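Asker: Any chance you could fold what I've pasted below:
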Amino acid sequence: MSEVTSIAPADVMEKVNQGAYLVDIRDLNSYQTSHINNSERIDNDTLPNFLREANLDKPIIVCCYHGISSISAAGFLSQQGFDEVYSLEGGFAAYCLQHPEHCTSP
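Answerer: Predicted structure coming up:
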């Protein structure tokens with residue numbers, strides 16, 4: 001089990017390109033309106049299936065609205081056995097402000 005580490009928006013795509021999961025824990029409507037490319041939305045309903053299918057050796061980055069809720073969610077995922085767990089600093093809002101080309105348009 002690992003500790004949760006913050007990851008800067010500038011470093012996210014490098015990790016994703018190296019095979020990291022990018023999970024978005026925002027509500028469905030917000031995710032459908034706009035999200036970071038290559039992200040997967042998970043919630044309490046989809047979490048059990050995600051955990052069954054996930055490779056716990058791969059890094060995982062958790063994204064929420066502003067980087068606050070993702071810290072708790074990342075801690076939970078760390079407890080589930082992920083070795084390398086990140087919380088996106090500033091969340092979706094900060095990421096898409098800095099990298100709009102990686103975000104779906106509303």
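Asker: what's near enough to touch the residue nearest the centre of the chain?
Answerer: Note on the chain: the residue nearest the mean C-alpha position is residue 62, at 2.5 Å, using CA atoms, centre = their mean. Neighbouring residues of residue 62 by CB atoms under 8 Å, 6 or more residues apart in numbering: 23, 25, 70, 73, 74, 77, 85, 86, 87, 88. From N, CA and C alone the C-beta is placed, and that goes for glycine too.
Asker: which ones among those are found in strands?
Answerer: Among the contacts of residue 62, the residues falling in strands (DSSP state E) are 23, 85, 86, 87, 88.
Asker: so how many other residues sit close to the second one?
Answerer: What that stands for is residue 85. 26 (other CB atoms under 10 Å).
Asker: Could you double-check that it lies in contact with residue 58?
Answerer: No. Counting by CB atoms under 8 Å, no contact exists between residue 85 and residue 58, whose distance comes to 10.5 Å.
Asker: residues bridging contact with the two, i.e. touching both?
Answerer: Listed contacts common to residue 85 and residue 58 are nil; contacts here mean CB under 8 Å, 6+ apart.
Asker: Give me the distance between the two termini of stretch 16-32.
Answerer: End-to-end distance for stretch 16-32: 20 Å, by CA to CA, to the nearest Å.
Asker: Show me how far it is from its chain's centre.
Answerer: The chain centre lies 5 Å from the centre of stretch 16-32; the measure is CA atoms, centre = their mean, to the nearest Å.
Asker: Next: stretch 88-106.
Answerer: Centroid displacement of stretch 88-106 relative to its chain, using CA atoms, centre = their mean, is 12 Å.
Asker: where does this protein dip in pLDDT?
Answerer: Low-confidence segments of the chain (pLDDT under 70): 1-2, 106.
Asker: Sort out which residues of the longest helix anywhere in the chain are buried, please.
Answerer: Secondary structure assigned by DSSP state H gives helix 69-79 as the longest helix of the chain. By 16 or more other CB atoms under 10 Å, the buried positions in helix 69-79 come out as 69, 70, 71, 73, 74, 77, 78.
Asker: Of those, which is the nearest to residue 38?
Answerer: residue 70 (16.3 Å; CB to CB).
Asker: Run through the residues that contact residue 28.
Answerer: 41, 43.
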